[in-house]
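**Student:** pasted the sequence and its predicted model underneath.
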Amino acid sequence: MKRVYLSIIGFSLLCRLSVHAQSSVDTVPHRVITSSNEPAVNTNYSPTTLHVDEINLVSSYYWQNGDHSAVTGGIGTEKVTDISNGIDLKLVWGNSNYKKNTLTAGLGYDHHTSASAAFVNKSGASRTGGDRLYPSLDWTVENVKKGSSFGIGAYYSGEYNYNSRGADLHFSQKTADRSGEFSAKFQAYFDQVTLIYPSEFVPKSTTTNAGGTTVITSASGLTYGENSHRRNIPSSPRNSYTASFGYSQIVNSRLQVMFLVDAVAQNGYLSLPFHRVYFNTGKDTIEKLPANRFKLPIGFRLNYFVADNLIIRSYYRYYIDSWGIKSNTAYVEMPIKLTPFFSISPFYRYYDQSASRYFAPYEGHSVNDQYYTSNYEYSKFQSNFIGIGFRLAPPKGVFGWQNLHDLELRYGHYTQTTDLVSSVVSLSLGFK
């Protein structure tokens with residue numbers, strides 16, 4: 001339940017983030033590409049004092065439904081709703097050495113409800129909603145003259161059953177003629193998964209040890225604290241390490257391509273303790289997955305300016321991991337500028353994946369299996385995500401408000417061959 005929610009809810013920010021990730025693409029027709037070996041330096045560059053360069057606000061509403069909940073062993077409701085709000089504040093300052101500093105502070109807050117969460121307790125009496133808070137901070141220094149940048153970032157995400165701390169290093173280097181750019185990013189996340197078990201596996205007996213401390217032992221043999229309050233429920237670590245590399249190339253004034261590859265290694269507790277699995281004997285247990293996982297996504301972007309008012313943005317990714325999953329992703333978006341200040345962007349994403357070797361549906365696992373999950377995130381399926389965006393960016397500001405330089409509204413509808421369906425609508429406001 002939770003893993004599906006966290007992975008799919010990212011669609012609410014997908015298109016907004018892709019706009020920022022491709023900001024260099026949007027400016028291709030206006031970039032100057034020289035034929036000399038000397039870097040094309042902006043001679044109008046001047047030192048700047050600290051100022052607020054940009055503020056971005058994003059709000060979204062997400063809804064999904066299905067009948068393959070991992071909480072109840074691959075059957076039951078997958079109904080989830082989520083309200084998400086985020087803000088990014090970008091501060092910029094520079095100096096006479098062509099150094100541009102950018103400090104970006106972000107803060108996000110989600111509130112979600114999930115019908116399947118009620119069935120962590122078989123009586124249906126457990127919590128059905130939760131909150132997530134996720135601040136972030138990034139500092140990047142760009143050498144305008146050399147065409148290089150270096151930065152560091154820090155992240156935190158906290159919710160009822162999961163806490164995550166992360167950090168990254170990232171850098172980029174443009175080619176001599178500024179037509180190409182290499183980028184790299186190294187990330188590490190150190191998470192703690194709170195071991196909240198289904199009701200039939202909660203503490204069943206209490207004892208007092210030699211030191212006089214009350215110990216509660218569950219039916220599964222795990223030891224809890226003095227009572228069942230959340231702060232006394234143990235947690236288990238989960239670590240993720242990612243190395244991301246990219247190279248973008250401006251082929252001509254209309255075409256830009258980009259190659260992407262990531263290497264992701266995870267270790268620790270990679271299951272979720274409140275996900276049930278039912279064996280073919282009818283006996284239930286909790287999800288059990290290997291303590292290590294390696295992922296290798298390889299991607300390719302192609303952006304083509306058909307005309308001044310039409311861009312084709314396309315993306316393909318092939319993915320493989322050590323759990324036996326292989327997948328293909330194809331994405332296309334076509335921003336169409338209807339007026340100099342108003343555009344629409346229809347988009348479509350197709351995805352297909354093979355099943356993990358550890359997946360089986362309800363009562364499909366044998367008690368002799370070493371690993372087992374009935375989470376349909378690891379099943380074989382195909383999905384379609386289709387939607388449209390509207391962007392308004394008048395020169396005098398949206399609704400005449402000079403500081404509000406753009407407004408974007410997007411809607412997307414998602415369908416999966418497992419009968420999972422979802423919709424998301426998001427509103428983005430950009431202030432200068």
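**Tutor:** That came through fine. Numbers count the residues shown, from 1 in each chain.
**Student:** what pairs with residue 56 across the strands?
**Tutor:** Following DSSP bridges, residue 56 is listed with bridge partners residue 88, residue 430.
**Student:** residues near it, how many?
**Tutor:** Around residue 56 sit 19 other residues, with neighbours defined as other Cβ atoms under 10 Å. Any C-beta I mention is one placed from the backbone N, CA and C, and that applies to glycine too.
**Student:** ditto for residue 315
**Tutor:** Residue 315: 19 neighbours (other Cβ under 10 Å).
**Student:** that one sits in which helix or strand?
**Tutor:** strand 310-321 (DSSP states H and E).
**Student:** report all helices and strands that that strand contacts.
**Tutor:** Secondary-structure packing of strand 310-321 (3 or more Cβ pairs under 8 Å, 6 or more residues apart in numbering; DSSP states H and E): helix 23-26, strand 292-307, strand 326-333.
**Student:** do that again at 10 Å, thanks
**Tutor:** The contact analysis (3 or more Cβ pairs under 10 Å, 6 or more residues apart in numbering; DSSP states H and E) places strand 310-321 against helix 11-21, helix 23-26, strand 255-268, strand 292-307, strand 326-333, strand 336-339, strand 342-353.
**Student:** Serialize the ones you listed to CSV and add fields for distance to residue 103 and mean pLDDT.
**Tutor:** Output for the helices and strands packed on strand 310-321, formatted as CSV (distance: least, Cβ to Cβ, whole Å; pLDDT from 0 to 100):
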stretch, distance to residue 103, mean pLDDT
helix 11-21, 16, 35
helix 23-26, 18, 31
strand 255-268, 26, 98
strand 292-307, 28, 97
strand 326-333, 30, 98
strand 336-339, 32, 96
strand 342-353, 30, 98
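**Student:** indicate which one of those is closest to residue 148.
**Tutor:** helix 23-26 (14.5 Å; Cβ to Cβ).
**Student:** gap between stretch 388-402 and the chain center?
**Tutor:** Stretch 388-402 sits 27 Å away from the centroid of its parent chain (Cα atoms, centre = their mean, to the nearest Å).
**Student:** buried residues of it, list them for me.
**Tutor:** Buried positions in stretch 388-402, judged by neighbour count with 16 or more other Cβ atoms under 10 Å: 388, 389, 391, 392, 393, 394, 397, 398.
**Student:** try stretch 176-191
**Tutor:** In stretch 176-191, counting by 16+ other Cβ under 10 Å, buried: 177, 178, 179, 180, 181, 183, 185, 187, 189, 191.
**Student:** of these, which belong to strands?
**Tutor:** Residues of the buried residues of stretch 176-191 located in strands (DSSP state E): 180, 181, 183, 185, 187, 189, 191.
**Student:** what sits closest to the fourth one if chain neighbours are left out?
**Tutor:** Excluding the flanking residues, the one nearest residue 185 by Cβ to Cβ, 6 or more residues apart in numbering is residue 170, at 4.0 Å.
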